[in-house]
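Participant: got a predicted model here, sequence first, then my questions.
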Amino acid sequence: MREFALIDRLSQRLANRRADTRLGIGDDGALVAPSAGQELAITTDTLIAGRHFPVDTSAFDIGYKALAVNLSDLAAMGADPAWVTIALAAPELNAGWCDALLDGALAAIGDASVDIVGGDTTRGELSLTITAIGCLPAGAALRRSGARVGDLIAVTGTLGDAAYGLQCWPTRDNATRDQQFFIDRLARPQWRPGAALRGLVNAAIDISDGLAADLEHVLSASEVGARLDIDTLPTSESMMRSCDRETRLGLQWSGGDDYELCVTLNEAQLDRARAAIDCPLTVIGEIEAEIGLRAFDRHGVRWNSDKARGWDHFA
Ligand SMILES: Nc1ncnc2c1ncn2[C@@H]1O[C@H](COP(=O)(O)OP(=O)(O)OP(=O)(O)O)[C@@H](O)[C@H]1O
Ligand SMILES: Cc1ncc(C[n+]2csc(CCOP(=O)(O)O)c2C)c(N)n1
Ligand SMILES: [Mg+2]
């Protein structure tokens, strides 16, 4: 298939959902009309074959993950996702493969009010760069710098599953149910509706590089420290069955690819935050004045947190 055949195919399949999308695919740029009083949150993330996903990942899963990780960044800003562009580089264009990629992208969007308003198509090694734009009332964004001494630290969902999924990847053709669960967590991360936490939490980040590394970004932006109770890290049943404690804690601490939200909030808002977000929200620690990230086990013994700190492309 040629470049313009793909673009025609895309525009035929994409119907705009939003009244404030004035012009989608087809011109030199898209046109959108945000409401007065709103701010736009803008984020971009690239996924490269062999680096962000195994080279033999299905087109559906590549499309899914590319959208999910970007919508997760908007969620971490507390923005309602609204528009995305998809820049695709591929060695060749195969119609069935492109359809499956778009199926995956649309599945990750789900019933969110998001329009794919543009993109770019080039020949090259397989990679996707998504730009996602979200809306929120001016001043209401969830920033990394908002954590306050005394805040609780909480995370959505469970941690470590996707990092273990990467280790399970070689089993994918005859995976056990637990191994398949981990592989699915890697391939199709569930982005969380962070916009629902606006006004309820003081700071937020999504966990892409690993809990420790990403929480450190919040701590340094907020000029505070934290104490974590390592035995409270939310753990899936599959993970409990599959890994010993040290392996599990290593994956949860610094494995990355979780795309869960880590937030800090006043204890008085905890019940409201839990009611607002449609997934478990587990308290794992507290913000303290003393700079640095400290972890302790349930007996109060310091957990060796000098282990690998998280994903760094250039480490
Ligand atoms: N090449 C670049 N040019 C300009 N800004 C950049 C560049 N790379 C990163 N940034 C900015 O640096 C900040 C942190 O980027 P980073 O990619 O680490 O985001 P993240 O949300 O922590 O991680 P992830 O990419 O896993 O979602 C963001 O504000 C991002 O826009
Ligand atoms: C094949 C393969 N190898 C390694 C990993 C792990 N991984 C890659 S990038 C990243 C952090 C987020 O990326 P970024 O910071 O670019 O957003 C993680 C945890 C993977 N998913 N697939
Ligand atoms: Mg992020």
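Facilitator: Received it, and whenever you're ready, just let me know what you need. Ligands and ions are numbered 1, 2, ... in the order given.

Participant: could you list the low-pLDDT ranges of the stretch 201-315 of the chain?
Facilitator: Along the stretch 201-315 of the chain, the parts satisfying pLDDT under 70 run over 306-308.

Participant: who in it is up against ligand 1?
Facilitator: Contact residues, the stretch 201-315 of the chain versus ligand 1 (C-beta under 6 Å from any ligand atom): 208, 209. For the C-beta atoms, the positions are set from N, CA and C on the backbone; glycine is no exception.

Participant: what residue in the stretch 201-315 of the chain comes nearest to ligand 1?
Facilitator: Nearest residue of the stretch 201-315 of the chain to ligand 1: residue 208, at 3.1 Å (C-beta to the nearest ligand atom).

Participant: next, count neighbours for the closest residue to that residue other than its chain neighbours.
Facilitator: Once flanking residues are discounted, residue 208 sits nearest to residue 256: 6.0 Å by C-beta to C-beta, 6 or more residues apart in numbering. Counted with other C-beta atoms under 10 Å, the neighbours of residue 256 add up to 24.

Participant: what do you get for residue 124?
Facilitator: If you count neighbours by other C-beta under 10 Å, residue 124 ends up with 9.

Participant: and the closest residue to it other than its chain neighbours, bridged to which residues?
Facilitator: Leaving aside its sequence neighbours, residue 124 sits nearest to residue 89 (C-beta to C-beta, 6+ apart; 3.6 Å). Beta-bridge partners of residue 89, counted by DSSP bridges, are residue 122, residue 127.

Participant: and the gap between residue 89 and residue 313?
Facilitator: From residue 89 across to residue 313, the span is 18 Å (C-beta to C-beta, to the nearest Å).

Participant: more crowded one of those two?
Facilitator: Neighbour count, other C-beta under 10 Å: between residue 89 and residue 313, residue 89 has more, with 17 against 8.

Participant: that one: what's it in contact with?
Facilitator: Shown in contact with residue 89 (C-beta atoms under 8 Å, 6 or more residues apart in numbering): 122, 123, 124, 125, 126, 127, 128.

Participant: which SSE is the residue of the stretch 201-315 of the chain found nearest ligand 2 in?
Facilitator: Ligand 2 sits closest to residue 256 of the stretch 201-315 of the chain, with a gap of 3.0 Å, by C-beta to the nearest ligand atom. Using DSSP states H and E, residue 256 falls within no helix or strand.

Participant: doesn't residue 312 make contact with it?
Facilitator: No. Assessed by C-beta atoms under 8 Å, residue 256 is found out of contact with residue 312, at 9.9 Å.

Participant: which residues are in contact with each of those two?
Facilitator: By C-beta under 8 Å, 6+ apart, the residues touching both residue 256 and residue 312 are 209, 213.

Participant: confidence score at the residue nearest to residue 124?
Facilitator: Turning to residue 89, the model gives it a pLDDT of 97.

Participant: just use 24 as the starting number from now, easier for me
Facilitator: Got it, first residue is 24 now, which makes that one residue 112.

Participant: relative to residue 119, how far out is it?
Facilitator: Residue 112 is 18 Å from residue 119, by C-beta to C-beta.

Participant: tell me the contacts of residue 147?
Facilitator: By C-beta under 8 Å, 6+ apart, the residues touching residue 147 are 112, 113, 114.

Participant: let me know the closest of these to residue 260.
Facilitator: When the contacts of residue 147 are ranked by distance to residue 260 (C-beta to C-beta), residue 113 comes first, at 37.8 Å.

Participant: who's in contact with the closest one?
Facilitator: With C-beta under 8 Å, 6+ apart, residue 113 has these contacts: 120, 144, 146, 147, 149.

Participant: hang on, the third one packs against residue 114?
Facilitator: Translated: residue 146. Yes. Between residue 146 and residue 114 a contact is recorded at 6.8 Å, counting by C-beta under 8 Å.

Participant: what about the nearest residue to residue 36 once chain neighbours are set aside, neighbour count?
Facilitator: Spatially, and ignoring its direct neighbours in sequence, residue 36 is nearest to residue 125 (6.2 Å; C-beta to C-beta, 6+ apart). Residues near residue 125, counting by other C-beta under 10 Å, number 20.

Participant: for the one 3 residues further on, same thing?
Facilitator: Residue 128 is flanked by 25 other residues according to other C-beta under 10 Å.

Participant: Three-state assignment for it, please.
Facilitator: Classification of residue 128 using DSSP: H, G, I helix; E, B strand; the rest coil returns helix.

Participant: where along the stretch 74-223 of the chain do the helices fall?
Facilitator: 82-99, 118-132, 184-191, 200-210 (DSSP state H, counting those that start in this stretch).

Participant: of all those helices, which one comes closest to ligand 2?
Facilitator: Taking C-beta to the nearest ligand atom, helix 184-191 is the member of those nearest to ligand 2, at 5.4 Å.

Participant: show me the domain layout of the protein.
Facilitator: Listed by automatic domain parsing, the domain ranges of the chain are 26-160, 167-319.
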